[in-house]
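[1] below is the structure, and that's it, no one-letter string:
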């Protein structure tokens, strides 16, 4: 998106009526309040980002574009959509090429599902049940609560500093406080009470997402029936006792609904997962020692930073270029713009949000201009072809957020020839508040691999700030690569703090 100096936007807004979610049924199970912990959301997310970085160094993770990952993300997004925005997290879903039946979710929302879990499920509801259980650990902030209880802490601020500090002690600090990585697995220290709570909350998430919650009990019963050297999942998740019976008691009095049925997509995903190369825990541990997975994950598109959470230069300005679509811009390789697997919180003034550590921040040079967060290779003169641009407007009278969003879109159209909306304005969670979303389309300043002009998707997201102004973000990428960028964009949106 290449934007010239836009005319001022004069919009107005009345007291905002937040869009409500569908009213719950009288006896529909309601997710419990997860409570408060001393570790902030930002600290929990940073711990998750750092741990995920270690996962990519020590485990074979499938590329985001793989059919297995895309399928898992569809399920994950369906489950995450039923969690109240004020208690949700920027969930991002990945698949590990491991044979063992296992899955784990890290503080802040990073989640990894083994290929073995996909192939072991008899139906989509069972697979969704495993994922809902793991998401419940994040929702209830079990890792943060375990850290808070640790007798090894000298104070929570010291803990955060130890975990979030740079250097070689990160993995040791995480291990001491409840997260251990090695031997082809991630182990999080959960109590039996945590497990029982994750079972109950996971069943609620399943039900609210339209899945039969009994599938969670069915899957645990299946795993327990294997006996002896059972699945790694049961080793990592201590049995709270009669868990399948407890789940069935929990759901017994819930009102019946029409549950989702399997379609051909589950069978296709399961068949693809069964044929994909997968490794044992011993093979993964050996591969980690030799650096095999770092090489593999980089080849698959993961951008691994040498120092997690340390920003790349924030002082470089966009490169000068010619007109959009002109010969001054050449095709851009995905590796040059791909978001890193590590993120860092950044204060943009208008808001705080996470960003990939390999994307730069370019501040507005004067009032009214955009703040840019983008990879250096994705910047062009006056705008970007990859990344996000952030700005705000100051309303002054009787305009709703929907009307404000529409006026912002019209103003963007006036500033860029050929920009057109695709679809209508929809509701979206922006951090802990509700915002609006509108997809637009234009022509990318970058040609495709063959040098031909290509379509660009521009995702407009708006939200009201506490001072009454409206902040708007425009997430940009060529249409052909937008879905590869969407997980990073979604994470940034969900992390917003005012």
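    Thanks, I have it. Here the structure is a predicted model, which is why all the values come from computation and not from measurement.
[2] out of everything not next to it in sequence, what's closest to residue 375?
    In this structure, residue 375 finds its nearest non-sequential neighbour in residue 337, 4.3 Å apart by C-beta to C-beta, 6 or more residues apart in numbering. Just so you know, the C-beta spots here come from the backbone N, C-alpha and C atoms, and that holds for glycine as well.
[3] show me what the one helix or strand residue 199 maps to is packed up against.
    Element membership for residue 199, per DSSP states H and E: helix 192-208. When contacts are defined as 3 or more C-beta pairs under 8 Å, 6 or more residues apart in numbering; DSSP states H and E, helix 192-208 packs onto helix 124-139, helix 142-149, helix 214-225, helix 243-251.
[4] give me the angle between the longest one and helix 214-225.
    Using axes from the mean of the first three to the mean of the last three C-alpha atoms, to 10 degrees, one finds that helix 124-139 and helix 214-225 are set 90 degrees apart in direction.
[5] thinking again about what came up before, the helices and strands packed on helix 192-208: which one's closest to residue 382?
    Comparison of these against residue 382 by C-beta to C-beta identifies helix 124-139 as nearest, at 39.8 Å.
[6] tilt between that closest one and helix 142-149?
    On the basis of the same axes, to 10 degrees, helix 124-139 is oriented at 30 degrees to helix 142-149.
[7] pLDDT (mean, whole number) over helix 124-139?
    In this model, helix 124-139 has a mean pLDDT of 96.
[8] for that helix, buried residues please.
    Applying a neighbour-count criterion of 16 or more other C-beta atoms under 10 Å, one finds 124-139 buried in helix 124-139.
[9] which other helices and strands does it contact?
    By 3+ C-beta pairs under 8 Å, 6+ apart, helix 124-139 packs against helix 67-80, strand 103-105, strand 110-114, helix 115-120, helix 192-208, helix 214-225.
[10] what's the closest of those to residue 419?
    Among the helices and strands packed on helix 124-139, the nearest to residue 419 by C-beta to C-beta is helix 67-80 (26.7 Å).
[11] centre of the chain to that closest one, how far?
    11 Å (C-alpha atoms, centre = their mean, to the nearest Å).
[12] at the geometric centre of the protein, which residue sits there?
    The geometric centre of the chain, computed from its C-alpha atoms, lies nearest to residue 92 (C-alpha atoms, centre = their mean), at 3.1 Å.
[13] check contacts around that residue.
    Contacts for residue 92 (C-beta atoms under 8 Å, 6 or more residues apart in numbering) come out as 109, 110, 111, 487, 490, 491.
[14] local confidence estimate at the third one?
    pLDDT, the model's per-residue confidence, is 93 for residue 111.
[15] what ranges does the stretch 201-350 of the chain have for its helices?
    Using DSSP state H, counting those that start in this stretch, the helices found in the stretch 201-350 of the chain span residues 214-225, 232-236, 243-251, 264-275, 281-290, 292-299, 334-337.
[16] including mean pLDDT, mean neighbour count and distance to residue 447, could those helices go into a markdown table?
    Converted to a markdown table, the helices of the stretch 201-350 of the chain look like this (pLDDT from 0 to 100; neighbours: other C-beta atoms under 10 Å; distance: least, C-beta to C-beta, whole Å):
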| stretch | mean pLDDT | mean neighbour count | distance to residue 447 |
| --- | --- | --- | --- |
| helix 214-225 | 87 | 20 | 47 |
| helix 232-236 | 59 | 19 | 47 |
| helix 243-251 | 84 | 18 | 54 |
| helix 264-275 | 95 | 15 | 32 |
| helix 281-290 | 93 | 15 | 38 |
| helix 292-299 | 90 | 16 | 25 |
| helix 334-337 | 89 | 16 | 14 |
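[17] can you list these in a markdown table and add distance to residue 424?
    Output for the helices of the stretch 201-350 of the chain, formatted as a markdown table (distance: least, C-beta to C-beta, whole Å):
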| stretch | distance to residue 424 |
| --- | --- |
| helix 214-225 | 34 |
| helix 232-236 | 42 |
| helix 243-251 | 36 |
| helix 264-275 | 26 |
| helix 281-290 | 46 |
| helix 292-299 | 38 |
| helix 334-337 | 29 |
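[18] quick one: contacts for residue 345?
    By C-beta under 8 Å, 6+ apart, the contact list for residue 345 reads 42, 45, 46, 352, 353, 354, 495.
[19] rewinding a little: to residue 289, which of the helices and strands packed on helix 124-139 lies closest?
    Closest among those, using C-beta to C-beta: strand 110-114, at 19.9 Å.
[20] now the closest one and helix 124-139, what's the angle there?
    Inter-element angle recorded for strand 110-114 and helix 124-139: 150 degrees (by the same axes, to 10 degrees).
[21] and strand 110-114, what does it pack onto?
    helix 41-58, strand 92-96, strand 103-105, helix 124-139.
[22] please redo it, this time with the cut-off set to 6 Å
    Applying 3 or more C-beta pairs under 6 Å, 6 or more residues apart in numbering; DSSP states H and E, one finds that strand 110-114 contacts strand 92-96, strand 103-105.
[23] same list (these) but as CSV, adding distance to residue 301.
    Below are the helices and strands packed on strand 110-114 laid out as CSV (distance: least, C-beta to C-beta, whole Å):
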stretch, distance to residue 301
strand 92-96, 12
strand 103-105, 22
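[24] please look at residue 361 and residue 372 and confirm they touch.
    No - at 7.2 Å, residue 361 does not count as touching residue 372 under the criterion of C-beta atoms under 6 Å.
[25] between these two, which is the more surrounded one?
    residue 372 (23 against 19; other C-beta atoms under 10 Å).
[26] ok so, going back, which one of the helices and strands packed on helix 124-139 lies nearest to residue 456?
    Across the helices and strands packed on helix 124-139, closest to residue 456 is helix 67-80 (C-beta to C-beta), at 21.6 Å.
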